[in-house]
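Q: fold the following for me, if possible:
(2 chains, ligands or ions: 2)
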Amino acid sequence: MSLDTIWVLAEVGESGPSTLSLELLTEARKIGSSVAAVTWGPNTAEHAVALGEYGAAKVYDVGDVGETLPGVPVAAAIAALVEGGDKPDALLIPASYDGRDVAGRLSVRLDRPVLTNVVGLSDDGGSSQHMLFGGTTAVTARFTGEGPFIYVVRAKSFAAEPGGGATPEVVSAPAPDAGASGATKVTARHVEERSGPKLDEASVIVSGGRGLGSAEKYEMIEELANLLHGAAGASRAIVDAGWVPYARQVGQTGKTVKPNLYIACGISGATQHLVGMKGSKHIVAINKDQDAPIFSVADLGIVGDVHKVVPALIEKLKGS
Amino acid sequence: MNVVVCVKQIPDPAAPGALDPSTNTLDRSGKLILDDSDAYGVEMGLQLAAGDGDEVILVSMAPNGETSGLRTALAMGAARAILVSDDALGGSDALGTAKVLAAAIKRAEPDLVLTATESTDGYTGTIPAQVAEFLGLPSITFAKKIAIDGGAVKVERQTEAGFDEVECPLPAVVSVTAGVVEPRYPSFKGIMAAKSKPVDVLSASDLGVGTDQVGATGARQEITDVSKVEERGGGEIVVDEGDGADRVLAFLQELKVI
Ligand SMILES: Cc1cc2nc3c(=O)[nH]c(=O)nc-3n(C[C@H](O)[C@H](O)[C@H](O)COP(=O)(O)OP(=O)(O)OC[C@H]3O[C@@H](n4cnc5c(N)ncnc54)[C@H](O)[C@@H]3O)c2cc1C
Ligand SMILES: Cc1cc2nc3c(=O)[nH]c(=O)nc-3n(C[C@H](O)[C@H](O)[C@H](O)COP(=O)(O)OP(=O)(O)OC[C@H]3O[C@@H](n4cnc5c(N)ncnc54)[C@H](O)[C@@H]3O)c2cc1C
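A: Ligands and ions are numbered 1, 2, ... in the order given. As a prediction, this is how the structure comes out:
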């Protein structure tokens, strides 16, 4: 069976569709012949043009889900479409907070399994690629039962490229009442300030780890990132320690990044960190332990003290 | 209040992982330990269910009647455990696992169900929502703070931009991130007490789950190819003799980053 009809769960914020949603639409266009986006929010119609440009010929609009977490209503809306006979061969879902909720809820409603942490898809009927053991092993998997096939895809698996598609038709696909399971309510939203490019869009990333020694020392990571017009990232160790917000975490449970240059400062290079950054084009590592695993992926490794090398580098950049 | 904490018992992540070449599933034949990610849920559960008559009940699905990981969590202070272990469950996917966990959780009649956001070995991250859907309960994933307020649970949920305050009525399923609380170390007394705490061992059929819906057959997915990834070749490693910053600077110039 080939995958003809592909739906993409498109997450749309105030500034438009998320990059990951556009990556998925681009890939859907390559492997399928009929592509639609499923989206929700108070003013979907405004973003239909962008979704069309990246490949959606049709947009299913679940509409405003209000203050409820989207997982339940969006899964219920998709299930209602499928049960009504309008169904895709495959559904591509972003590996995001809400995306995973939708995938989990939908798989139970449709009684369909999910292939998760997908990093590649083939047009041979839907086999998917996955990375295991910190990216040392590649696995190909496929579904053996009936569709719709549900895939949860990691960021940066595909490049987002506009295809010049026309403005798509917008079809209303409201969520049926989900009863008790839909009873979540968001009462407040907090945005943590950040300056400079976004971590997943920056071409230079400077990341810090536990080797910095203390939270205050992260300032030099931010300063170096600023001087290189890049973004500042972090290992999980210092996110868990509360030094920096989770949004900066690179790795298996954080972001996958593929910048032109990644500079790791005081990061050991655990497999869960490596899997999120070893796709970077160039890698520089600064670590005082010459046996640190981070050096195995570095193009340039400096065995040294971050408290000496990084400030010296900052001084030189400021002086140049 | 009864809190169920789902705890996964996994091969020691410090040892290199391997796939069983005959089934292409993770080799789980060795000793299994408590997934670190679940220690946060256990600690959170113990803090939330600290009143008289409150109980933390562990639910786990694992092969070979494995209890080592459960004993660790019991030693932290959980009251008892339900373990589902059955040869028919080998090779289950996340959906099958969620079906089994939901059936076991029902038996404990919890007010709150806690899981980690994703396990260390499989990390599909879909189990929390799948379990909630099987139970017909609301769920709040990615909790970095949890409080109980009367009949409701109030959560700070991690988001891309920061965090949201989210609440829902109990019973509910909440998945917790690492760092939500600092897990306690089991005390010697706790370790001794854990040895005699009840662990109820059940099979899939005890729970009324048909064996065709679980295990490798129920999974309806298969691995068709496994290959080693080309190692990214390491580059030049230099010891900083006071020239470390210059070396980096030269590399930045070479890349035309500056
Ligand atoms: C399920 C799971 C998911 C995970 N997901 C992630 C993830 O998404 N991202 C992630 O990063 N981790 C993740 N981890 C954690 C990961 O296993 C490591 O614990 C973590 O990456 C370690 O962070 P670190 O390198 O900052 O700290 P450490 O491992 O403690 O390393 C600190 C390094 O700093 C060096 N150092 C110390 N002082 C100096 C100095 N003065 N100058 C130079 N170097 C110095 C040391 O030599 C050491 O190599 C995950 C773990 C699990 C179990
Ligand atoms: C490398 C790898 C890739 C895999 N890919 C897929 C895939 O794409 N699709 C798929 O359906 N299956 C997949 N599996 C199988 C899947 O991991 C297992 O079915 C597993 O039993 C449940 O999924 P999880 O651990 O990934 O769940 P997650 O959703 O990551 O787990 C979240 C939390 O649920 C709880 N939990 C999960 N399992 C148990 C348990 N057995 N007992 C108690 N609590 C538990 C824990 O609190 C856990 O932290 C994969 C397995 C491996 C090893």
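Q: all helices of the stretch 151-258 of chain B, in order?
A: For the stretch 151-258 of chain B, the helices defined by DSSP state H, counting those that start in this stretch cover B:188-194, B:215-219, B:244-254.
Q: most tightly packed of these?
A: Comparing these by mean neighbour count (mean count of other C-beta atoms under 10 Å in any protein chain shown), helix B:215-219 ranks first with a mean of 19. Where C-beta positions appear, they are placed from N, C-alpha and C, glycine not excepted.
Q: spit out the contact partners of residue A:306.
A: A:208, A:211-212, A:217, A:265-266, A:286-288 (C-beta atoms under 8 Å, 6 or more residues apart in numbering or on different chains).
Q: near ligand 1, list only the ones from those.
A: Counting by C-beta under 6 Å from any ligand atom, A:211, A:266, A:286-288 from those sit close to ligand 1.
Q: roughly how far apart are residue B:225 and residue A:130?
A: 11 Å (C-beta to C-beta, to the nearest Å).
Q: any common contacting residues for those two?
A: A:139-140.
Q: now flag whichever of the contacts of residue A:306 is closest to ligand 1.
A: Distance to ligand 1, by C-beta to the nearest ligand atom, is smallest for residue A:211 among the contacts of residue A:306, at 2.5 Å.
Q: where does that closest one land on pLDDT?
A: pLDDT, residue A:211: 98.
Q: what about it, neighbour count?
A: 23 (other C-beta atoms under 10 Å in any protein chain shown).
Q: thinking again about what came up before, so which of residue B:225 and residue A:130 has more stuff around it?
A: Legend: neighbour count by other C-beta under 10 Å for residue B:225 and residue A:130, higher for residue A:130 (18 against 12).
Q: give the bridge partners for the spatially closest residue to the more buried one that is not a sequence neighbour, please.
A: Distances taken as C-beta to C-beta, 6 or more residues apart in numbering or on different chains put residue A:139 closest to residue A:130, at 4.7 Å, once the chain neighbours are dropped. Taking DSSP bridges as the rule, residue A:139 bridges to residue A:130, residue B:226.
Q: hmm, residue B:225 and residue A:139 touching each other?
A: Yes: at 6.9 Å, residue A:139 and residue B:225 qualify as touching, with contact defined as C-beta atoms under 8 Å.
Q: so which of the ones next to ligand 1 among the contacts of residue A:306 wins on neighbours?
A: residue A:286 (29 neighbours).
Q: touching chain B at all, the helix or strand hosting that residue?
A: Assessed by DSSP states H and E, residue A:286 sits inside strand A:282-287. Yes: judged by C-beta under 8 Å from any C-beta of the partner chain, strand A:282-287 comes into contact with chain B at A:282-284, A:286.
Q: just want the angle from that strand to helix B:244-254.
A: 170 degrees (axes from the mean of the first three to the mean of the last three C-alpha atoms, to 10 degrees).
Q: given strand A:282-287, what are its sheet partners and their directions?
A: Assessed with DSSP bridges, strand A:282-287 is paired to strand A:261-265 (parallel), strand A:300-303 (parallel).
Q: which residues outside that strand are in contact with it?
A: In contact with strand A:282-287 (C-beta under 8 Å, 6+ apart) are residues A:211, A:260-269, A:277, A:292, A:294-295, A:297-304, A:306, A:309-310, B:235, B:244, B:248, B:251, B:255.
Q: what does the residue lying closest to residue A:69 once chain neighbours are set aside show for phi and psi?
A: Closest residue to residue A:69 apart from its sequence neighbours, by C-beta to C-beta, 6+ apart: residue A:184 at 4.4 Å. Note on residue A:184: its backbone torsions stand at phi -90, psi 150 [degrees, to the nearest 10].
Q: quick one: contacts for residue A:184?
A: Neighbours of residue A:184 in contact, by C-beta under 8 Å, 6+ apart: A:68-69, A:72, B:138-140, B:166-168.
Q: out of those residues, which are buried?
A: Buried members of the contacts of residue A:184, counted by 16 or more other C-beta atoms under 10 Å in any protein chain shown: A:68-69, A:72, B:138-140, B:166-168.
Q: quick one: low-confidence ranges for chain A?
A: Applying pLDDT under 70 to chain A flags the ranges A:1, A:194, A:320.
Q: residues from it in reach of ligand 2?
A: Residues of chain A lying near ligand 2 (C-beta under 6 Å from any ligand atom): A:113-116, A:132.
Q: among those, which ones lie close to chain B?
A: A:113-116, A:132.
Q: which of the residues you listed are buried?
A: A:113-116, A:132.
Q: any idea which of the residues you listed is closest to residue B:124?
A: Lowest distance from residue B:124 to these (C-beta to C-beta) belongs to residue A:116, with 4.1 Å.
Q: quick check, pLDDT for the closest residue to ligand 2 within the stretch 101-250 of chain B.
A: Nearest residue of the stretch 101-250 of chain B to ligand 2: residue B:122, at 2.1 Å (C-beta to the nearest ligand atom). Per-residue pLDDT puts residue B:122 at 92.
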